[in-house]
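**Student:** 3D, please:
(2 chains)
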2 protein chains.
Amino acid sequence: MRDFYPEDMAVRNAIFDAWKKSSHLFGFSEYDSCVVETLALLKRKKGEEIVDQIYDFTDKSGRELVLRPEMTPTLARMIAARHSSFSFPLKWFTIAQCFRYERMSLGRKREHYQWNLDIVGEDSVTAEAEIVAAAVHALSTLGLNKDDFYVHFSSRALLADLLLKLGIAREHHAPVFLAFDKRGKICNDDIDKILREAGLDQKNIRQAFSLLNISSLEQAAEFLGNNQSSYRDVLQFLEILDAYGIRDRLKFDISVVRGLAYYTGIVFEAFDANRKFRAIFGGGRYDNLLKEIGGKTATGVGLGFGDVVITEILGHMQKAGSHDTKAETAVGYMHDDQRATAISIATALRNGGNTTDLALCPEKAKNFFSRVGKSGFREAIYVGPDDVASKTVRIKNLATRSEREVVIKEMTTSSVPVIYPQ
Amino acid sequence: MRDFYPEDMAVRNAIFDAWKKSSHLFGFSEYDSCVVETLALLKRKKGEEIVDQIYDFTDKSGRELVLRPEMTPTLARMIAARHSSFSFPLKWFTIAQCFRYERMSLGRKREHYQWNLDIVGEDSVTAEAEIVAAAVHALSTLGLNKDDFYVHFSSRALLADLLLKLGIAREHHAPVFLAFDKRGKICNDDIDKILREAGLDQKNIRQAFSLLNISSLEQAAEFLGNNQSSYRDVLQFLEILDAYGIRDRLKFDISVVRGLAYYTGIVFEAFDANRKFRAIFGGGRYDNLLKEIGGKTATGVGLGFGDVVITEILGHMQKAGSHDTKAETAVGYMHDDQRATAISIATALRNGGNTTDLALCPEKAKNFFSRVGKSGFREAIYVGPDDVASKTVRIKNLATRSEREVVIKEMTTSSVPVIYPQ
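**Tutor:** Below you'll find the model as predicted:
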């Protein structure tokens, strides 16, 4: 589990700020819940194979609890609890810490923070488009350019139609989706085993995997006919993304299915252009989840965007620096006799909105300027006995070495003593 | 454990924002760590009686873990790990979720968020003053006036000198501090029992409690003589707070000792003026903690400011509203044919920094304006076929009902189409 020292926190805050900014600009409302959930809630989802990866424990009173692995069941629980009081569609977001119990590897840790965007109660693919557009907006804010990433997408509904066309019955689709998702993560023999145990014969398995050769939407339409609603939904999704101006960042990729069992429609995953890293974000439509969790029927589209992979990518692109939260102005003083003056100057600066570091003990001028010079402050004010006598101080710009004199009383009595010209 | 629906989140964000703002203005750097800690770390602190209140559990691999009850041991661990790379004093802050295992009551829940401010490595009471000033600044930001609260303070060092003067040996001081802190929380017989079991006789107990009759600093000085360093520290603390302009918000209160065993010097707790609620924030000097946790010796001063009591107080004072994060502008459209235009308008608004809700499906004008009228948007834009034909839209101010016409192309091609005159 991670410690965040101030320099790590600066990177994390840059990412969180981009997530929050895009959420607000796109009109999502923030929610949150406790990191501890009941195991019972997690078990209500059908078809999951992740119970051994869940960070569950039993508390002193014998309650079976978990450190949540994802936020969507909690979202479903919260919506179910107040379903009748909401006007749908809801557009909600959160930044949630999530846990998993497994060995750590590149891009995967025991815990991570995940930005979740969800639209609940909208059937049309405008919901998918709005969510993908918000996530792409956040990537731009973080400094990723047009060609730095692609959003790979497919549709489980389209894939289901393709499987049906091949004669593979609906009951076998879930294991096929799981198998597709596991490719490259576990060995092919194990994937074969999953499918055989689920009841698929060797011919079905070969046919299902042949679908992965479909490399374009046109090819899928050729095979399926272009009148299927699953196909028309995908076309409409792309048309809407064109209006958002981000159509060119999308790539049809039939191998994208997502690991979670609850997706039912369009699914998507963003990758860096060179595919050096794991998925940056992923999500899709889950039309039955809320009902399974115990709520009323409501369609949903969700996105999860973790902090670990994007931190690695920003580090790799060297775009993660310079978000220091350090104070801009340093105030120091020579003796205890000047302390009260230094405090009133620092207080005035702070009240005026300037982030200000006040020395906690007297220093010689040389020591003060040596210390603040190393620490990246923008301006410095040093108060000595002469300054108190002359009732003025000098504000030194540490980059240009220029100084200007200010009457102390003007600083400390003005209501908004902003020292930086805006 | 709490769920935060969007309206709860708005209140929480207002509090977190005030905490962060004061932290930055006062030059504190942010850090964080995982909510799961090892039980071993918690056990390294001496003299604690809170193990049965700790939310501990054993994970699948047999590790003894806790959902942290407070952040200070984690801070000590993080500083110890990199002690030699830091220039002290450090000024750090975090907003950390903390857990306790006990029954819930007013102002106390199973989990809460706590703003922690710490200054590590500064011996003088300038550190205490800086931290109290930052916390008072945050209360002002939240709308609490001068007379709405007081910061009660005492000094464990002063209290220790008073106990020594009464002939009560140093080894008995820790149980006396604990007993003082428990007054009003557990019954007097139980307090007596704690002290007798710690080895104090009836006379000692009576004498120790007689100290609670000291109602002013002058009285303490009379009893102790005014040359003790513990007394001079308190005087200097007040003198410095005078320079900050907040001396009048401080009240000497010998009964303030704080529950945690690790405090060694000045301790403080803020209360609402009517004492209707539990402490708003509390803290003090802990000069030995870092060494106990396993680091090098470093003095420290810390503050914890929880979200639960302040939320209750703001609710009581009705100061918690109006922090809605809802989008300011709503964009709707009549038919699918106008969707692309509506999306490009919404995209332009968002790129210009306007929080914008885009309708996810077509609506009749009447339905759109009825919906957005109820939802508290500031301005609304509705796109119909005539607007697309005339290449203009009307921006309607929902409060004044006034409208102004804008050429669509001007909105969507300008790089910063801020629609609100600043």
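
**Student:** Which helix or strand contains A:Arg404?
**Tutor:** strand A:403-407 (DSSP states H and E).

**Student:** Now tell me what touches that strand from outside.
**Tutor:** The contact list for strand A:403-407 (Cβ atoms under 8 Å, 6 or more residues apart in numbering or on different chains) reads A:391-397, A:419. C-betas here are computed from N, CA, C, even on glycine.

**Student:** Using CSV, write out every CA atom in the helix or strand following that strand.
**Tutor:** Counting by DSSP H and E, the next helix or strand C-terminal to strand A:403-407 is helix A:408-413. Output in CSV follows, covering the C-alpha atoms of helix A:408-413 (Å, rounded to 0.1, in the frame of the first residue of the first chain):
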residue,chain,number,x,y,z
ILE,A,408,4.5,47.9,6.3
LYS,A,409,1.3,49.7,7.4
GLU,A,410,-0.1,49.6,3.9
MET,A,411,0.4,45.9,3.7
THR,A,412,-1.2,45.1,7.0
THR,A,413,-4.2,47.4,6.9
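
**Student:** What lies in contact with helix A:408-413?
**Tutor:** A:341, A:344-345, A:347-349, A:387-388, A:391-393, A:417, A:419.

**Student:** Going by neighbour count, which of those are buried?
**Tutor:** When these are checked for burial by 16 or more other Cβ atoms under 10 Å in any protein chain shown, the buried set is A:341, A:344-345, A:347-349, A:387-388, A:393, A:417, A:419.

**Student:** Mind putting these into CSV with distance to B:Arg12 and pLDDT?
**Tutor:** What follows is the buried ones among the contacts of helix A:408-413, written out as CSV (distance: Cβ to Cβ, whole Å; pLDDT from 0 to 100):
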residue, distance to B:Arg12, pLDDT
A:Thr341, 38, 95
A:Ser344, 33, 92
A:Ile345, 34, 94
A:Thr347, 28, 92
A:Ala348, 30, 92
A:Leu349, 29, 92
A:Asp387, 43, 95
A:Val388, 44, 93
A:Val393, 40, 95
A:Pro417, 31, 44
A:Ile419, 32, 48
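
**Student:** Give the helix, strand or coil label for whichever residue of the stretch 101-250 of chain A sits closest to chain B.
**Tutor:** Per Cβ to the nearest Cβ, A:Ala243 is where the stretch 101-250 of chain A lies closest to chain B, at 3.8 Å. State at A:Ala243, reduced to three classes by DSSP: H, G, I helix; E, B strand; the rest coil: helix.

**Student:** Name the spans of chain A whose pLDDT lies under the cut-off.
**Tutor:** A:46-52, A:103-108, A:319-326, A:414-422 (pLDDT under 70).

**Student:** Would you mind splitting it into its domains for me?
**Tutor:** Domains of chain A are assigned by automatic domain parsing as A:6-322, A:326-411.

**Student:** Which of those domains sits closest to B:Phe368?
**Tutor:** Distance to B:Phe368, taken as Cβ to Cβ, is lowest for domain A:6-322 among the domains of chain A, at 13.4 Å.

**Student:** ok, which of the contacts of strand A:403-407 also contact chain B?
**Tutor:** Counting by Cβ under 8 Å from any Cβ of the partner chain, nothing from the contacts of strand A:403-407 sits close to chain B.

**Student:** Out of the residues you listed, which two sit at the greatest distance?
**Tutor:** A:Lys391 and A:Asn397 (21.6 Å).

**Student:** Mind checking if stretch A:286-305 is in reach of chain B?
**Tutor:** No: applying Cβ under 8 Å from any Cβ, one finds stretch A:286-305 separated from chain B by no less than 9.9 Å.

**Student:** now could you export just the CA positions of that stretch as CSV?
**Tutor:** Extracted in CSV, the C-alpha atoms of stretch A:286-305 (Å, rounded to 0.1, in the frame of the first residue of the first chain):
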residue,chain,number,x,y,z
TYR,A,286,-24.4,-2.3,-17.7
ASP,A,287,-28.2,-2.5,-18.1
ASN,A,288,-29.1,-5.2,-15.5
LEU,A,289,-26.7,-4.4,-12.6
LEU,A,290,-29.0,-2.2,-10.5
LYS,A,291,-31.7,-4.8,-10.6
GLU,A,292,-29.3,-7.5,-9.6
ILE,A,293,-28.1,-5.5,-6.7
GLY,A,294,-31.6,-5.1,-5.4
GLY,A,295,-32.9,-1.9,-6.9
LYS,A,296,-35.4,-1.2,-9.6
THR,A,297,-34.4,-1.7,-13.2
ALA,A,298,-32.3,1.2,-14.5
THR,A,299,-29.9,1.2,-17.3
GLY,A,300,-26.4,2.5,-16.7
VAL,A,301,-23.1,3.4,-18.3
GLY,A,302,-20.0,3.6,-16.2
LEU,A,303,-16.3,4.4,-16.5
GLY,A,304,-13.4,3.6,-14.2
PHE,A,305,-10.1,5.5,-14.5
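
**Student:** Report the buried residues of that stretch.
**Tutor:** For stretch A:286-305, by 16+ other Cβ under 10 Å, it's A:286-287, A:289-290, A:292-293, A:295, A:298-305.

**Student:** Then stretch A:366-375?
**Tutor:** A:368-369, A:371-372.

**Student:** May I see these organised as JSON lines, with distance to B:Asp8 added?
**Tutor:** Listed next are those as JSON lines, based on distance: Cβ to Cβ, whole Å:
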{"residue": "A:Phe368", "distance to B:Asp8": "45"}
{"residue": "A:Phe369", "distance to B:Asp8": "48"}
{"residue": "A:Arg371", "distance to B:Asp8": "43"}
{"residue": "A:Val372", "distance to B:Asp8": "42"}
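
**Student:** can I get these in CSV with distance to chain B?
**Tutor:** Output for the buried residues of stretch A:366-375, formatted as CSV (distance: Cβ to the nearest Cβ, whole Å):
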residue, distance to chain B
A:Phe368, 13
A:Phe369, 15
A:Arg371, 8
A:Val372, 11
